[in-house]
Structure formats: C-alpha cells, structure tokens
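Undergrad: the following comprises the amino acid sequence and a computationally predicted model.
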Amino acid sequence: MFSFLLRIKRKIKKVLKVHSESRRRYVPTTRSRVIKTLILVVTSMLIALVYPGEDLFSPLDVPRAGETAHEDIIAPFQITVLKSPRELNDEKEMIRVAIPYVIDDDSAISNGAYRSLNAFIAVADSLRQQLQKRGGPSADVVARSMAQRFPFMSEVAIGRTLQGDENLELMRLRLTRIYDEDIYKIGVLQDLAALPESRLKTVLIREGDKELIYQRDRLLDIPTANARLLTSLNRLAATDTADVEYYYLIGRNFIQPNLRIDMAEYNRRVDENIELVSNVKEVVNAGDIIVRSGRKVGDREEAILREMAQMMHGQAIQQNPLTAYLPLLARILLILAAFSTLYLALFYLRPDMFRSNPKLLALFTVFIMQLFLIWLMGLLGLQRSVYLLPIAILPIMVTVLFDAEVSLLSTIVLAMLLGILHRFDFTITLMTVVVGTAATFSSRYVRRRAHWYRIMVSVVATYVVFVFLMENLKLSPDKEVLVQMGYGFLAGMVSALLTIGILPVFESLFSITTDITLLELSDLNHPILKRLAMEAPGTYHHSISVGNLSEAAAKAIYANSLLARVGAYYHDIGKIEIPEYFVENQLGVKSRHEALSPSMSALILAAHVKRGRLLGEEADVPDDVLDFIEEHHGTMVMKYFYNKAVEQGADESALSKFRYPGPKPQSRETGIAMLADAVEAASRTLDDPKPARIHSLIQRIINERFQSGELDECPLTLRDLAKIREAFEQILIGAFHQRVEYPRKE
C-alpha cells in the first residue's frame, strides 16, 4: 500500500514538474511566464468566485450586527422583510408541535365491553342454577355450552365460575366500577407504539361533539390496561375481601380498545394552520428610523438593512443590467491586485522564489487552504467571532516551508485578502498582521517537537493580548472580553495543531525540504545510510566526516548547516552498488582499476553520481539533498585516470571523457560539500598531519576549485571561502590531534 501511494505521489510531482530548479541557470521562457500568469489569475478567480465572504452585493457603508451606526439610518422606501426559509420551517414545525394528535373515542366499543360482562354474569348465574337442580345437565355439558357462548374465555375461568361459590353480582359491580374509574375513564388504544412521538405531552380525544385534552402518558393500551386492572384489584383486596386472581382472570377478557388515532384529521388541522402562516416578518415604512446614531446593530436591524440593500441592488440592476456584475468584478480586481503585490515583492526581494513555479504553486496552495479553512468554519457555524479564525496557519507553514521573509510578505497579503473579503474589516486585517508576524518569528527555527510548543505559546499569547486590547478599546463588558479572549486562545491552539498535521503533506507533495525533513534524514538508521554502512563502510565513514566538515563550515558563513550535513551524508550513496571500485572501500586489496582501461574507470566513477540520484529518488529523498549527489564533484576532471590515459597515448582532446557530468554547485551548501569532500579525502594522504600542512592542504584545494571555475555558479564569496578554510582547519586539527604514547609492559 505504501509503495502504491509513493508511486502516485511521484506521478503527481511529475505532472507538477516539481524538481530542483537551482541546478541550472534561470532563463525566463514564455512557458514559464504563462504558468506564473495562470497561477496568479486562476487563484484570484477561484477565491473571488468561491469564497463567500460577507454578502458580496451589500453596500460597504451598511453596518452589520454588532457594529455601531455612525449616523441615523432612515428607510428610503417601504421595506418588507421576509422570513427566511429557516424561520418559516421553524414556525411550521412549531405549529406541528402545538397541535395535538387527534384520537376518536368509539363509545360503542366501551359500552359493548360492559354488555359483554353483564351477559357473562347473567349466563353464568343461570347455568349455576341448572347445575344445582336434580336431573339437570352435567357439568361438562354446561361448560361446553358456556364456552360456545364466550369463546374468548379460558376453560379455567369457565370451570371456576360454574363450580365456584363467588358472588357473581358483586364481582360484576366491582369490575364495572374499575372499568369506569381506571380503564375507560380516558380509553384504551390498541398499541401505544402506534402513536407518533411528539414534544407535545398532550393528546386530543373526540367523543361525538366533545373534544377533551388529556396527558399523553395517561393513555392505555391492552397490556397497560391489564396491568392497571391488576393494580386496582390489589388495591381493592387491601380494603375488602376479593379474590384478585379470579377477578383478574375474568375481567381482563372484556377490555377492548375503544380509541383510534385519526392521522387524517391531525394532518388536516396542521395544513389548515400552516396555510395561515405569512412569509412577511416585518414591514418598515418609508421615513422610519432603522438604527439610531451611536447604537449597535442587532439581528432585527441587520435583517432590515440586508433587505434594504437587496432592494437597492435590484433597482440599480433595472436601471443598468451591468451593475449586477460590478461588485464581483471589483472583488476579482482587488484580489488580483493583492496577489500582484506579492508577485512584485517576490520579484524584487526574492527572485529565487519568484523564478520557481513549483514554489509559487505551493505558496498559492497554502493561501487557498487557509481561506478554505476559514470558509469551512463559517459553513459549519463555528465562526461566532472574528477572533476564532485560525489565521496563524499560513504564517507558520510558509515560514517552515520557505523562510520568514516570504512569510511576512504572505502575511501582509493575507491581511489584505481577508480585509477585502470581509467588507474591509479593520479588526481582522490588523489581527492578521499582528498574529501572523508573531507566528512567523516564533517558527523560524523548528527542529524539535518542543519548538512547536514555543510556537503555540507565542501565537496563543499574541491572540489573547490582541483581543484584550481591541475589546477594551470597544468598551466591551468584562464578561464579553473574557469570552472573546477564550476564542483567541482556542484559535491559537487550533492553528498550531492543524499546521502540524497539514505540513507533511505540503513537504512531500511539493518536494520542499524543511528542517523537520532534514532531521528525519539525518537519522543514521535511515535504510540507505544503514545499507551504506554495511556494504561500503569506507564510504560511510568518509560521508560522516564530510558531514561534520560541511556543518562547521556552513555555520561559519551562516548557511543552512543542517542541510549541509545531511546532504554530505547522502552525497556518495551511488557507491553502494559497486563499493569495491572506490579506494576507501578496498582495504589493502589490489585495485580493480588496474585491470581496466582509464576510460572505463572514468565511466565507473562518473556512474556513481547518476546511480546515487536514482537511489535517492527511489528512497523518496528530497531534491535539495539529491543536489549534493550531482554537484559535489561538479565538472571536475578525474586527473589520475586522465594522466594515465595520456601516458598510454591518449589524445589530450579526450579530456571531456574524464569529467564528471555536473552540474557545478549551485548553492552555498553544495559548494561547501564539494570542498569538504575533497579536503577530507586529501587529508587521508598526509603522512605528518601538522597544523601547517593541514592549512596548506586546505588552501591548495580551495584555490584549485576556485581557479578551475567550479565555484563560479554558487554564491560563495572570498570572505566565505576564508571562513570555510578556518572551519575546516579546526575540524581536521582536532581529528589528527597528537596522543601520548603509553609505555608497554616488558
């Protein structure tokens, strides 16, 4: 699964043409300019058309809920405020809830229950008398006769009725009273589960022309009616002599459901009341004051002002149809102007960033992602306050992905965008600048997990302090200030946490190398480095030493020391496949190059550059590190094999066959790695590594690289080269320090 995802990512990167553009001189082409223009225009159009903002067609001078009116706002004409679909649905739902379910009481059924009970008692009394007469029918005959008359009655109940000595008339009176008071006082449903659920706790029972309201929980169905009968009989037995078991055995057979749910009548009443609902919420006459000067706009006033703005917009469209598109056009042009400002700033201040289309695409994708998250909050109803907006995500991500300078420029543009999209709200613009600046400077150095806590604390503190100052300037109540500060605290926490989750996606997709990525690659347990240590131990130790030299030199000239060290670790991974052809891995064994021609040896040595690049790509090593593999030799001549070829009679014109493929170092870090690689290898040949000899060796190698033009394309100055030489000297002198020889025991 992982390999499948890795292949997909490579294809995406190939489509985006994400690669290290520092490896070649920048030559502006028509295609590159077209891509830059498309990124600018498409992003501007996408944000203008998709991002909802706050009512694109609403006039800017119309205040919103919570804002203060600077003057009396008077209705210029009659304004009819309509209810929103949600308000209409809520009102209809209230009607459905307010109308109780209608239940019809069929008195014929309840009366039939009484008649059945009376008939049973009369027949039972008559049959008892027949059994007591001599020569009368047998008990079995009488029982069968009664079972035919009352098939719902059990044999046990019939037998006990005929042969028992209970007072049947007294039982009838008692059961009738229980039916009147406990069972049929309201009525019995067939099944309570058939009655739909409702927030209303009452029902309406119709009996003829009478309509009575009862509590829903007082209704009975057959099981609960039987339980109520048993409870009443137990209560009766507590005060009077009664055979509860026998009474229950007889009485439960005559309980029949007399209530029926009339859903058709209920729906008719609901529809009748819904038809009476008006969609007009309020009518404001011309000349009425909507909001007085100095007062805050409430929800009611905002709805009136919104309707007034729509009516004014409709009137303007009738006069000039093009007016409908002017607000949208204005928004597109303003957003385009904001992003054009960013383009100009990058062009003059960061030309390296401006030249790279993949980096521009990554930067604009961060803008889209930031605005998408803000839009998503509004869609989910989470945007209760402007202080809840997680605006620190973009500054943190851009700082980590690129640097603080690009982040500051992007933060200013983001503040402009949010101001444009949110009706030129100064609060959100100022907050973006303040919080974004704090987030930028707190995230300049991220190499440990603890640094994320520092970022989180800085962003949260900035949010809270800003909210405190702004709300006190507005003279907000203390309770409101605390609530808004809580929103700011939450926004700061969420911004940092979301950035931690989103950042790796951008690093991988756009092949941007951050310090976090470099720290992961610096782990010596990385599969490639472990393989290098096992299969080419000499090259492995050489790479570690070159890494130490490169890191020290990079620190001396304030370059990226972490990138220099990690790049040096991987610069020779191409030697893994044939380590025995490189001198550091031969360990006293006869050199394999003695049996090869000089040109073949040169091909083998040059191949480790290409193979190293392929191995790094397969292991998903970022391009900034892979550049060290291709650039650490530049286009240097393999002098040993070239001189050998000349001795064997080769023409001096064959020099090109003995050059490394290049390119020359394009950055300060790869230039340092080239020097460190040569210095470390040459230092192994010193017989007596004294400081003076080390100094001469380093100076000679730097001079050779400088005079041969290998450093022409990287921005290393002569002052940088002097500092690099001093850093190399300190490391090598420490590596070749003298030791006191301990005496051996005779």
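TA: Cool, got the structure.
Undergrad: show me where the stretch 451-600 of the chain has its strands.
TA: For the stretch 451-600 of the chain, no strands are identified by DSSP state E, counting those that start in this stretch.
Undergrad: for the chain, same thing?
TA: For the chain, the strands defined by DSSP state E cover 73-74, 79-82, 101-105, 188-189, 202-207, 210-215, 220-221, 259-261, 280-284, 289-291.
Undergrad: make TSV out of those strands and add distance to residue 734.
TA: Where you see a C-beta, it was placed from the backbone N, CA and C, and this is true even at glycine. Output for the strands of the chain, formatted as TSV (distance: least, CB to CB, whole Å):
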stretch	distance to residue 734
strand 73-74	78
strand 79-82	82
strand 101-105	92
strand 188-189	95
strand 202-207	92
strand 210-215	92
strand 220-221	94
strand 259-261	95
strand 280-284	83
strand 289-291	77
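Undergrad: can you give me the helices in the stretch 251-400 of the chain?
TA: Per DSSP state H, counting those that start in this stretch, the stretch 251-400 of the chain carries helices over the ranges 263-274, 299-319, 326-349, 351-355, 357-379, 393-401.
Undergrad: and the residue nearest in space to the middle of the chain, what pLDDT?
TA: The structure's the chain has its C-alpha centroid closest to residue 498; by CA atoms, centre = their mean the separation is 6.9 Å. pLDDT, residue 498: 91.
Undergrad: my read is that it contacts residue 391, right?
TA: No. Taking contacts as CB atoms under 8 Å, residue 498 lies outside contact range of residue 391: 11.5 Å.
Undergrad: how about the contacts made by residue 435?
TA: Residue 435 makes contact with 391-392, 395, 459, 462-463, 466, 492, according to CB atoms under 8 Å, 6 or more residues apart in numbering.
Undergrad: and those, which is closest to residue 143?
TA: Distance to residue 143, by CB to CB, is smallest for residue 492 among the contacts of residue 435, at 87.0 Å.
Undergrad: residues in contact with the closest residue to the closest one other than its chain neighbours?
TA: Excluding the flanking residues, the one nearest residue 492 by CB to CB, 6 or more residues apart in numbering is residue 460, at 3.5 Å. The contact partners of residue 460, taken as CB under 8 Å, 6+ apart, are 488-489, 492-493.
Undergrad: list only buried entries from the residues you listed.
TA: 488-489, 492-493 (16 or more other CB atoms under 10 Å).
Undergrad: now for those: which two are most distant?
TA: Spatial extent of those (CB to CB) is set by the pair 488 and 493 at 9.9 Å.
Undergrad: can you tell me what sits against stretch 265-276?
TA: Contacts for stretch 265-276 (CB under 8 Å, 6+ apart): 92, 95-96, 99, 101-102.
Undergrad: in that stretch, which residues are buried?
TA: Buried residues in stretch 265-276 (16+ other CB under 10 Å): 266, 269-270.
Undergrad: which of those residues sits closest to residue 421?
TA: residue 270 (43.1 Å).
Undergrad: do you know the pLDDT at the closest one?
TA: The score at residue 270 is 89. That number is its pLDDT.
Undergrad: how close does it get to residue 261?
TA: To residue 261, residue 270 is 14 Å away according to CB to CB, to the nearest Å.
Undergrad: hmm, back to that, save the contacts of stretch 265-276 as JSON lines, and put in distance to residue 722 too.
TA: Putting these into JSON lines (distance: CB to CB, whole Å) gives the following:
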{"residue": "92", "distance to residue 722": "83"}
{"residue": "95", "distance to residue 722": "87"}
{"residue": "96", "distance to residue 722": "86"}
{"residue": "99", "distance to residue 722": "92"}
{"residue": "101", "distance to residue 722": "94"}
{"residue": "102", "distance to residue 722": "99"}
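Undergrad: can you say which of those residues are buried?
TA: For those, a burial check counting by 16+ other CB under 10 Å picks out 95, 99, 101-102.
Undergrad: I figured residue 586 hits residue 580, correct?
TA: Yes. When contacts are counted by CB under 8 Å, residue 586 is listed as touching residue 580 (6.5 Å).
Undergrad: where do the contact lists of these two overlap?
TA: With CB under 8 Å, 6+ apart, residue 586 and residue 580 have common neighbours residue 592.
Undergrad: what helices and strands are in contact with the lengthiest helix in the chain?
TA: Determined from DSSP state H, the single longest helix within the chain is helix 478-509. Packing partners of helix 478-509 (3 or more CB pairs under 8 Å, 6 or more residues apart in numbering; DSSP states H and E): helix 2-16, helix 357-379, helix 393-401, helix 449-473, helix 515-521.
Undergrad: coming back round to it: quick one: which of the buried ones among the contacts of stretch 265-276 is nearest residue 82?
TA: Residue 82 has its nearest neighbour among the buried ones among the contacts of stretch 265-276 in residue 95, at 18.3 Å by CB to CB.
Undergrad: residues contacting that closest one?
TA: 270, 273-274, 277 are the contacts of residue 95 under CB under 8 Å, 6+ apart.
Undergrad: can you lay out these as JSON lines showing distance to residue 237?
TA: Formatted as JSON lines, the contacts of residue 95 follow (distance: CB to CB, whole Å):
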{"residue": "270", "distance to residue 237": "47"}
{"residue": "273", "distance to residue 237": "49"}
{"residue": "274", "distance to residue 237": "52"}
{"residue": "277", "distance to residue 237": "55"}
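Undergrad: all set, thanks.
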